[in-house]
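**Student:** pasting a predicted model and its sequence here:
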Amino acid sequence: MTSQTPLPPSDRTRGRLSWSRVRALVRKELNDLRRNRLIATTMAVMPLLFMIEPVITVFKLPANAPASKLDTLVGVATLELMLIPALVPAVVASYAVVGEREQGTLEPVLTTPIRPAELLLGKALAVFLPALGVAYTMYGVFLAAVGLFAHPNVAHDIFETPRIVAQFLFTPLLALWSIWAAIAVSTRAGDVRVAQQLSSLASLPPLAITALVGFDVIKPTTTVAVTIGAVLLLIDTIAWRLVTALFRTERLITGAKPA
């Protein structure tokens, strides 16, 4: 069976995205992730570990806790929950390119007519969709546990509308940043473990913004949450454009050493 000839760079970068090719790649990637035990375990176990500590923290809060202490500990709990969309997608997406290179499955994908933007978008969505589902599920379990078992004044603080809006807005945006950062690292790294470590570090900077809201340094209001969400969305869009522009199919096919 003869291999397909890669499209010239000019042909691979022209025209609109083919969503049929993106969907086909998403299905392929999801099947690959499901068969990879390490990634499946990461998606299942890591979110549970990040959720247990916030639940314990909230349950330990007494009914007469001072307002300042209550706000601080609630901020810690929500920040720990934000680690799920920040770190889990980073660990999984770091496998996107370097993992396939190590297994020898990267070249057949790169020699198909798929464009770099479609390839990267397909790989990103295959990580984003399950990661988002896991993050929202863990947050829903956290809210249910708080509503059922926490003291009423603690639950009232956690169920404030701006906090919930911020959590729902920031979760997908943090996940997208982590994915683009991890894919950028994955295209350059020569080892999966190195890619995972660097991707985890690269996923953390946006958490600083959400931490300011969580700890009431920036007063959490719905307007503030939406404004910060718009900034994070702009950053994610720029990150996608940069990763796509820097993606070099020819270098990956010829096996040039990563910089």
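**Tutor:** Cool, got the structure. Not measured: the values here are computed from a predicted model.
**Student:** and stretch 91-111, how far apart are its ends?
**Tutor:** End-to-end distance for stretch 91-111, by C-alpha to C-alpha, to the nearest Å: 26 Å.
**Student:** do stretch 108-124 as well
**Tutor:** 19 Å.
**Student:** return the set of buried residues in that stretch.
**Tutor:** The neighbour-count check on stretch 108-124 (16 or more other C-beta atoms under 10 Å) flags 109-110, 112, 114-124 as buried. Just so you know, the C-beta spots here come from the backbone N, C-alpha and C atoms, and that holds for glycine as well.
**Student:** farthest-separated two in those?
**Tutor:** Using C-beta to C-beta, the two most remote members of the buried residues of stretch 108-124 are Thr112 and Ala124, lying 17.6 Å apart.
**Student:** which other residues reach stretch 40-56?
**Tutor:** For stretch 40-56, contacts defined as C-beta atoms under 8 Å, 6 or more residues apart in numbering pick out 33-34, 76-78, 80-81, 83-84, 87-88, 91-92, 130-131, 134-135, 137-138, 141-142, 145-146.
**Student:** so where's this protein shaky on pLDDT?
**Tutor:** Within the chain, the set of residues satisfying pLDDT under 70 comprises 1-15, 105-106, 109-110, 214, 216, 248-259.
**Student:** need the helices for it, in chain order.
**Tutor:** Counting by DSSP state H, the chain has helices at residues 9-12, 19-35, 37-60, 67-93, 98-103, 106-110, 116-149, 152-158, 161-188, 192-202, 207-214, 222-246, 249-254.
**Student:** which residues touch the one residue sitting closest to the centre of the chain?
**Tutor:** Residue closest to the mean C-alpha point of the chain, counted by C-alpha atoms, centre = their mean, is Ala175 at 2.5 Å. Residues near Ala175 by C-beta under 8 Å, 6+ apart: Pro85, Ala86, Pro89, Phe128, Ala131, Leu132, Ala135.
**Student:** most neighbours of all these, which one?
**Tutor:** Pro85 (33 neighbours; other C-beta atoms under 10 Å).
**Student:** shouldn't that residue be in contact with Tyr136?
**Tutor:** No - using C-beta atoms under 8 Å, Pro85 makes no contact with Tyr136, being 9.0 Å away.
**Student:** between those two, what contacts are shared?
**Tutor:** Residues touching both Pro85 and Tyr136 (C-beta under 8 Å, 6+ apart): Thr171.
**Student:** burial count for the closest residue to Ser186 other than its chain neighbours?
**Tutor:** In space, and not counting its chain neighbours, Ser186 is closest to Val97: 4.1 Å by C-beta to C-beta, 6 or more residues apart in numbering. Residues near Val97, counting by other C-beta under 10 Å, number 27.
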